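Peer 1: Whatever this is, show me its structure:
(one chain, ligands or ions: 3)
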Amino acid sequence: MNYRSHWTKEEIRAIHDSPLLDLVYRAGSVTRIYHAANQVQVCSLISIKTGGCPEDCKYCPQSARYQTNVNATPLMQEQEVIDLAQEAIANGATRVCLGAAWRSVRDSAQFDLVLKMIRQITDMGVEVCCTLGMLTESQAKKLKDAGLYAYNHNLDTSPEFYSSITTTRRYEDRLKTLDAVEKAGISVCCGGIIGMGESIEDRIGLIYMLARRNPHPESVPINLLIPVQGTPLQERQSVPIWDMVRMVATARITMPKAMVRLSAGRLERSLEEQALCFLAGANSIFSGEKLLTRPNPDFDEDEKMLKLFGLTQRPAFAAL
Ligand code: SAM
Ligand code: DTB
Ligand code: SF4
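Peer 2: Ligands and ions are numbered 1, 2, ... in the order given. Just a heads-up that it's a prediction; the model follows:
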C-alpha cells in the first residue's frame, strides 16, 4: 500500500517551517511507526566509472567541463569491483551502489559487464543499487533481469531551479528514467542536494516532486553539497545543520516508508549534528572512506558513531 501522495506545496511548506523541535518530534514518531526503531542501513558506494562525464551538473567533480582533481578512468575491471563489494559487505554494508559518470547507458559490452557485476554482487546477498545516468525501458528491464534491486537517479532540486544547475538535460528526462525504472519493477532511489543556492521554495518543490509520486520512492538520499574546487559551486558556503534537519524531517513525514539516507557531506558534520538528523528520521548512511570521488567517514568511524547512539545495522531486504 502506498501512503499519501496528494500533498500540496502549502502542506509541505507548513511541515517544513513548523517549530523545529515539534518537527523533529513528529518525524521521529513517524520513523518509529514505519521502521524498526534504532536501525540504520549502511550502504557503500563503488565508483565503477569515474569522471569524464559530458553533462554540466554544476556541483559535480566528475563533469569533463570543469577542471577538478578527478581524473577520468575507464570502467573498472570486474574482479576489482567484486573485491570492493566483498570488502564493503565484510564491513557491514547491506546495500552496494555502483556509480558510473555516464550521461546515459548505451547498449554495449560495457553495459553487459555492469550486468555481470550486478548478478555477482546480488548473489552475495545484498541489495544492489546502480546509478548510471538515463535509461530506456529495455535497459531497465535488463538491469532487473540481472537482479538489480534499486536504481538511483536524483531529481536534485525543484523543476524551477534545475536549469540553473544542469543545462544538458531536462527535468522531464529525469522523470522519464524514473518511470522506466519503476515500470521494470526496480526500487526507486531518488533525492537531491541542499546548499546549491536554492531557495526554501526550491527545497519544497523537490519534496513535492518526490512525495507526489505514487508510489513514493523507496529511498530518498539527501545530500549536502560538497563544494568541489574547479566546479561552478566551489565557493558555496555550507548550510546550517537546521536546514538539513528540516529537509530530512520533511522527507520522513511526507514519505513515511522511504529510507531517508544521509548522503554526501557527512564528513564535515559533527556527531551531534548527525544525531539530530537521525532523530529527524534519517535511517541510512553511506559509509566507507570514499563516496564516489570525495572523502567520507570510514567504516570504523561510523561503527563507533552507531555504537555511541545505540543504533544497529539494518539487514538487507528489510523493507516492510
Ligand atoms: N551520472 C549519474 C547521475 O547523474 O545520475 C550518477 C552519478 S551522480 C554523481 C549521483 C548524485 O551524486 C547526483 O545526482 C548528486 O545528487 C550527487 N552529487 C554529485 N556531486 C555532488 C557534490 N559535490 N555534493 C553533493 N552531492 C553530489
Ligand atoms: C546520492 O544521492 N549520493 C551519492 C549516491 N547517491 C550515488 C553520491 C554522492 C557523491 C558525492 C560526490 C562525490 O563523491 O564525487
Ligand atoms: Fe555526470 Fe552524473 Fe556528475 Fe551530472 S551528476 S556530471 S550526469 S556524473
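Peer 1: CA only for contacts and neighbour counts going forward, please
Peer 2: Will do.
Peer 1: And the strands in the stretch 201-320 of the chain, which stretches?
Peer 2: 219-224, 259-262, 284-286, 312-313 (DSSP state E, counting those that start in this stretch).
Peer 1: do the longest one and ligand 2 meet?
Peer 2: Looking back up the chat, that one is strand 219-224. Yes: Strand 219-224 is in contact with ligand 2 by CA under 6 Å from any ligand atom, via 221, 223.
Peer 1: list the helices and strands that strand packs on?
Peer 2: Secondary-structure packing of strand 219-224 (3 or more CA pairs under 8 Å, 6 or more residues apart in numbering; DSSP states H and E): strand 187-189, strand 192-194, helix 241-254, strand 259-262.
Peer 1: For ligand 2, find the nearest of the ones you listed.
Peer 2: strand 192-194 (6.3 Å; CA to the nearest ligand atom).
Peer 1: hmm, back to that, show me the one of the helices and strands packed on strand 219-224 that comes nearest ligand 1.
Peer 2: It's strand 192-194; of the helices and strands packed on strand 219-224, that one is closest to ligand 1 (CA to the nearest ligand atom) at 5.1 Å.
Peer 1: now what about that closest one, what contacts it?
Peer 2: Residues outside strand 192-194 that contact it (CA atoms under 8 Å, 6 or more residues apart in numbering): 154-157, 203, 206, 220-225, 239, 244.
Peer 1: rerun at 10 Å
Peer 2: 59, 153-158, 200, 202-203, 206-207, 210, 220-226, 238-239, 243-244, 247, 263-265 (CA atoms under 10 Å, 6 or more residues apart in numbering).
Peer 1: Ok, stretch 7-26 next?
Peer 2: 27-31, 200-201, 203-209, 211-213, 242-243, 245-254, 276-281.
Peer 1: Same question for it: list its buried residues.
Peer 2: 9, 12, 13, 15, 16, 20, 23, 24, 26 (16 or more other CA atoms under 10 Å).
Peer 1: Give me the subset of those lying in helices.
Peer 2: 9, 12, 13, 15, 16, 20, 23, 24, 26 (DSSP state H).
Peer 1: ok, which pair from the residues you listed is furthest apart?
Peer 2: Using CA to CA, these span at most 19.6 Å, a distance reached by 9 and 24.
Peer 1: mind listing what's buried in stretch 151-163?
Peer 2: 151, 152, 153, 154, 155, 156, 157, 158, 159, 161, 162.
Peer 1: Let me fix that, I meant to ask about stretch 225-232.
Peer 2: Residues of stretch 225-232 classed as buried by neighbour count (16+ other CA under 10 Å): 225, 226, 227, 228, 230, 231, 232.
Peer 1: Closest one to residue 89 out of the residues you listed, please.
Peer 2: residue 226 (25.9 Å).
Peer 1: pLDDT score assigned to that closest one?
Peer 2: The model reports residue 226 with a pLDDT of 97.
Peer 1: what does residue 111 give?
Peer 2: The predicted local confidence for residue 111 is 97.
Peer 1: Centroid-nearest residue for this structure?
Peer 2: A centroid search over the chain (CA atoms, centre = their mean) returns residue 221, at 3.2 Å, as the residue closest to the centre.
Peer 1: What's the separation between that residue and residue 10?
Peer 2: 23 Å (CA to CA, to the nearest Å).
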